[in-house]
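Q: Coordinates only, no sequence provided:
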């Protein structure tokens, strides 16, 4: 019986290690090994409000390619994160690789196209998808 417990403990430890290797940690979150874009901003900031639909679109259409997250730095629970990443101006977008290493940061508004171009510059290959909102705008413009 003692041998079974010993092997059970070893097996449990091995499962824990395998699980830990298959995941990366970003800003306190455990996610699959995908690169990540974190947008540090605030709900009441004008430029940040312009980023909101872009971030939602990226989450919707590119969640298989990279993770997109918004952090409201004016919320009490996010002040430490803002200090940790040395955020001084909002919005600030930080691009991370799949291992959590910062690749690049941008301060101010950035378009969806420029975000996608930046991922391509870093060597991440994916098909650039047209969003429904862009297609809908084009149809309405042609009427």
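A: Yep, it's here. What you see is a predicted model, and the numbers here were worked out from it, not measured in a lab. Residues are numbered from 1 along each chain as shown.
Q: Show the residue spans covered by the helices in this protein.
A: Assigned by DSSP state H, the helices in the chain fall at 2-21, 46-62, 79-84, 112-121, 132-142.
Q: where does residue 25 land on pLDDT?
A: If you check residue 25, the pLDDT there is 39.
Q: swap in the one 5 residues further on?
A: Among the per-residue scores, residue 30 shows a pLDDT of 47.
Q: and residue 94, what is it in contact with?
A: Contacts here follow C-beta atoms under 8 Å, 6 or more residues apart in numbering; on that basis residue 94 touches 37-38, 40, 85, 102, 104-105. Backbone N, C-alpha and C define where each C-beta goes, glycine included.
Q: tell me which of those is nearest to residue 117?
A: Lowest distance from residue 117 to the contacts of residue 94 (C-beta to C-beta) belongs to residue 104, with 11.6 Å.
Q: From the structure, what's the count of residues near the residue nearest to the closest one when sequence neighbours are not counted?
A: Of all residues not flanking residue 104 in the chain, residue 95 sits nearest, at 4.7 Å (C-beta to C-beta, 6 or more residues apart in numbering). Close neighbours of residue 95, defined as other C-beta atoms under 10 Å, add up to 21.
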